[in-house]
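>>> Below: sequence and its predicted model.
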Amino acid sequence: MALSMTHTSLTITFFGIISFIFGVIAENKKPDAGTPIPGKDVVICQYPSSPYVALGYLSVIFLILSTAVGYFSLSYPYKKKSIPYSALFSTKLMVIFFNIAWLTSGLALVLLLWPMIQEQAHLSKKVHHNLEYDCPTAKTGLIGGGAFVSLDACLIWLICLMLASNAREDYFDEVEESLKGEFSEVIDIDYDHGQHPAPRL
């Protein structure tokens, strides 16, 4: 079964929604803070067990998959017909949305990764010499915001795919008209030659 734009659009949507869902769940599972346990001149942080980090990285993975499929779907040779990049990006609207899609995907990636890196740093370093250390966790709201931006990026890639579909139709219509024009010129030339028989010797 040949790959179509319907298949790629559904794939982009699926990955984008899964990224959003994992991000939202991760935000809800985030612990508020750890429990500081006083020791001898140190504070040991004890954090509750939480799937926050794992869910966050799953959200990142599906964001990357959605972005990758969105990018490659624009230039994929559907029906074994490829389109040059000059024709694909022939309109300013396509260029604008293509750049917005990359910027939005990048912003979503930063918002999702930043709290994951923070949380892993907190979990890896549990012993602190500051006796007033209150065992914080990653900043609240970042991964939730990243989940919503990830969904926005998915929607913008779908808009780019729609614009790419229009560009393909316009390009192949022009190619077809050009071929018809060349074919009609060949017929006219052959007809003109038939109207003028060769002179007798």
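Alright, I've got the coordinates.
>>> gap between residue 55 and residue 23?
Taking C-beta to C-beta, to the nearest Å as the measure, residue 55 and residue 23 are separated by 8 Å. Just so you know, the C-beta spots here come from the backbone N, C-alpha and C atoms, and that holds for glycine as well.
>>> So which of those two has more stuff around it?
residue 23 (30 against 22; other C-beta atoms under 10 Å).
>>> Contacts only, for the more buried one.
By C-beta atoms under 8 Å, 6 or more residues apart in numbering, the contact set of residue 23 is 55, 56, 59, 112, 143, 144, 146, 147, 148, 150.
>>> Can you tell me the element it falls in?
Assigned by DSSP states H and E, residue 23 belongs to helix 5-29.
>>> just for the chain, where's the confidence low?
Within the chain, the ranges that satisfy pLDDT under 70 run 1, 179-201.
>>> Can you list the residue ranges for helices in it?
Assigned by DSSP state H, the chain shows helices spanning 5-29, 52-75, 85-88, 92-124, 142-195.
>>> Distance to residue 38 added to those, as CSV?
Below are those laid out as CSV (distance: least, C-beta to C-beta, whole Å):
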stretch, distance to residue 38
helix 5-29, 28
helix 52-75, 25
helix 85-88, 63
helix 92-124, 18
helix 142-195, 30
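>>> and of those helices, who's closest to residue 130?
helix 92-124 (13.7 Å; C-beta to C-beta).
>>> Could you list the buried residues of that closest one?
Across helix 92-124, burial judged by 16 or more other C-beta atoms under 10 Å covers 94, 97-98, 100-102, 104-105, 107-109, 111-116, 119, 122-123.
>>> From residue 110, how far out is the residue nearest the centre of the chain?
Residue closest to the average C-alpha location in the chain (C-alpha atoms, centre = their mean): residue 67, at 1.9 Å. Separation of residue 67 from residue 110 (C-beta to C-beta) stands at 13 Å.
>>> Next: residue 99.
17 Å.
>>> Likewise for residue 43?
Distance, residue 43 to residue 110, by C-beta to C-beta: 31 Å.
>>> can you check residue 39 too?
Distance from residue 39 to residue 110, by C-beta to C-beta: 36 Å.
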